[in-house]
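[1] Give me the fold of what follows.
(2 chains)
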Protein chains: 2
Amino acid sequence: MNLNYDNISFMNKLTELSNKINQRLLSYISIEEVPEKTVIEAMKYSVEAGGKRIRPVLSLAVCEMLNGSESDVIPYACALEMIHTYSLIHDDLPAMDNDDYRRGRLTSHKVFGEAIAILAGDALLNKAYEIMLEDISNTGDMEKVMAKVRATAIVAEAAGSKGMIAGQVVDMESEEKHIDIDTLRYMHKCKTGALIKASILLSTELLNADAFVKEKLTIYSERIGLAFQIKDDILDVESSLEELGKPTGSDENNKKATYVTIYGLEEAKKLLNKVTEDAIDSLEAVEGSYRNTDFLKQVALFICNRRK
Amino acid sequence: MNLNYDNISFMNKLTELSNKINQRLLSYISIEEVPEKTVIEAMKYSVEAGGKRIRPVLSLAVCEMLNGSESDVIPYACALEMIHTYSLIHDDLPAMDNDDYRRGRLTSHKVFGEAIAILAGDALLNKAYEIMLEDISNTGDMEKVMAKVRATAIVAEAAGSKGMIAGQVVDMESEEKHIDIDTLRYMHKCKTGALIKASILLSTELLNADAFVKEKLTIYSERIGLAFQIKDDILDVESSLEELGKPTGSDENNKKATYVTIYGLEEAKKLLNKVTEDAIDSLEAVEGSYRNTDFLKQVALFICNRRK
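    Purely as a prediction, here's the structure:
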């Protein structure tokens, strides 16, 4: 990408926002001396494993761009991250991708065993709803209640059998067989795209953004979701275990259809640049004196340029 | 139990209510020609597998007892049944109980493979929230909205890491080791009790029952939940694969602590009768000219006397 950005101030802001998310996330999971302690420890282990927190950071960034109140958004941002985390735990299971490492650490089932890993995933998915429902229950203003209900419904739809789970199913069933580009796109739109889109739309819903802003941010969310996946496929070829924190080359080993295996590495990189530019164009349509889109633009560039 | 009841009219009513539930449940899962079709089929397969629908039937029965409107309750009753169904799919997995049969049919992973079974379970849990949130979104009256939010929160808490999942964890970790009666009680209170209790309390919440009714129905729900589990343990010893639709003697084979292995068969039966009587006593405290508790009493007797 030609667009330059201030890497240090961006990374500082990213760290600031992801620290807020980490702090709040961990506040939802407290280890007590209860008979079911193991599953709570497993939930905590995977939530702590961290990563970039790109989804909840996007929720907070949209909130800031729309001059909203962070306290309205953060429970939903954290709930979404818990859903993302549960999906990783289940994805890593022997019956699914059978991965031993995730984010540089042993996967949940390698540490706690398969049964606890399954239950910890279930518990995190459920916890996401517990958190959102508790926040709604504690809200007095009825307009806010309805906005929060709609935000929770957006999250639920994105996480469900027509969203993320559809993507996981198509991904799994596509292994070792030729799939066309439409199926690949559908798979990614669901598997990674749905939650990224929801992370942005939950904030526009909570903060009552107007239709034009919603439309442009929808496009932005779809483009960065796509960029995220293309970049993942590129990293699987170009990165290393050390840098990525998980084994590389696994797509090729699993004979998976990816943007790289279908388009080739160079075309995949061109496509990545194109969708990143589209994402930034979409932000430029909504920016103005009261709306600073710099950070969101930098997120798009970060996704495009990241090394892991 | 000494209390007699009209078996035929009870079974007719039970069938009437469970048919309503079945019809509504299946309306939520439609098989379309989508790339993720397999997981939808797996969701439908397990939801169709049926069983007694005791939890959602209880929700409808409490609704009727409180002269409430069925349409207010049925989405939540179905959501709860989906959560129950997902927990069975995951419980049956090789890494958990490793059961090949459930309700007389092959378990999900035996038909669809482990990966789809895991995802179908995830999808059903998530679908439960999609259903409840859609119902809340379509509600105009704000008092009703808040009652529905509270009912959804009751379901979420019951299904979560301090409810049903806690029970599953303790159950699993108790295998092949000696556990005391307090741990056994805690496990059952969570594993089976939490959802049964929630099936009743979601209706009292949705229909704004008064504190006295809530208290008595809470006791009723706790007692029948306990009765349900004791009876399960007795059936595992006394029933057959043919009658029960799943292998018997599995508790003993797995060296599980149960009411039968801890108390012995005769004492377990006495305890079952005692808690059933307590449940019925609790109903008698709230019945009156506007409140007919006959069916709920018969449910308690049915749980106590069932053959499968």
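[2] Going along the chain, name the strands of chain A.
    A:101-102, A:105-106 (DSSP state E).
[3] for those strands, which one ends up most surrounded?
    Across those, averaging neighbours per residue (mean count of other Cβ atoms under 10 Å in any protein chain shown) puts strand A:101-102 on top, at a mean of 18. Using the backbone N, CA and C atoms, a C-beta is placed for each residue, glycine as well.
[4] That one: partners in the sheet, and parallel or antiparallel?
    Partner strands and pairing direction for strand A:101-102 (DSSP bridges) are strand A:105-106 (antiparallel).
[5] tell me the contacts of the residue nearest to the spatial centre of chain A?
    What sits nearest the mean C-alpha location of chain A, by Cα atoms, centre = their mean, is A:R55, with 4.1 Å. Going by Cβ atoms under 8 Å, 6 or more residues apart in numbering or on different chains, A:R55 touches A:77, A:80-81, A:84, A:195-196, A:199.
[6] among the residues you listed, which are in reach of chain B?
    With the criterion set as Cβ under 8 Å from any Cβ of the partner chain, no member of those is near chain B.
[7] Filter those down to the buried ones.
    By neighbour count, with 16 or more other Cβ atoms under 10 Å in any protein chain shown, these hold A:77, A:80-81, A:84, A:195-196, A:199 as buried.
[8] and of those, the nearest to A:I303?
    A:I303 lies nearest to A:I196 out of the buried ones among the contacts of A:R55, by Cβ to Cβ, at 9.4 Å.
[9] got a list of what the nearest residue to that closest one once chain neighbours are set aside touches?
    Of all residues not flanking A:I196 in the chain, A:G225 sits nearest, at 4.1 Å (Cβ to Cβ, 6 or more residues apart in numbering or on different chains). Residues in contact with A:G225 (Cβ under 8 Å, 6+ apart) are A:188-189, A:192-194, A:196-197.
[10] from the contacts of A:R55, which is closest to A:K144?
    A:A77 (16.2 Å).
[11] remind me which residues of chain A are low pLDDT?
    A:1-6, A:240-255 (pLDDT under 70).
[12] Go through the contacts of A:R55 and flag which are in helices.
    Secondary structure defined by DSSP state H assigns A:77, A:80-81, A:84, A:195-196, A:199 of the contacts of A:R55 to helices.
[13] With distance to A:K270 added, can I get those in TSV?
    Putting those into TSV (distance: Cβ to Cβ, whole Å) gives the following:
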residue	distance to A:K270
A:A77	32
A:L80	31
A:E81	31
A:H84	28
A:L195	26
A:I196	21
A:S199	26
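[14] For B:S30, state which of those is nearest.
    Taking Cβ to Cβ as the measure, B:S30 sits nearest to A:L195 out of the ones in helices among the contacts of A:R55, at 23.8 Å.
[15] mind checking how far that closest one is from A:N19?
    A:L195 sits 21 Å away from A:N19, going by Cβ to Cβ, to the nearest Å.
[16] And the contacts of A:G225, which two are furthest apart?
    Comparing every pair within these by Cβ to Cβ identifies A:H188 and A:K197 as the most remote, at 11.6 Å.
[17] Quick check: chain neighbours aside, which residue is closest to A:M164?
    Closest residue in space to A:M164, ignoring its immediate chain neighbours: A:A194 at 4.9 Å, by Cβ to Cβ, 6+ apart.
[18] Surely that neighbour touches A:G163?
    Yes - in this structure, A:A194 is within contact of A:G163 by Cβ atoms under 8 Å, at 3.8 Å.
[19] most residues in a single helix of chain A, which one?
    Longest helix of chain A, by residue count under DSSP H: helix A:211-238.
[20] quick one: it to chain centroid distance?
    11 Å (Cα atoms, centre = their mean, to the nearest Å).
[21] And stretch A:162-178, by the same measure?
    Centre to centre, stretch against its chain (Cα atoms, centre = their mean), the figure for stretch A:162-178 is 17 Å.
[22] how much space between the nearest residue to A:V62 once chain neighbours are set aside and A:P56?
    Among residues not flanking A:V62 along the chain, A:S203 sits closest, at 3.9 Å (Cβ to Cβ, 6+ apart). Using Cβ to Cβ, we find A:S203 at a distance of 10 Å from A:P56.
[23] Ok, A:Y101 next?
    23 Å.
[24] Might you name the residue of the stretch 201-308 of chain A sitting closest to chain B?
    A:E205 (11.3 Å; Cβ to the nearest Cβ).
[25] OK, contacts around the residue nearest to A:V62?
    Residues in contact with A:S203 (Cβ under 8 Å, 6+ apart) are A:58-60, A:62-63, A:66, A:68, A:73, A:76-77, A:209.
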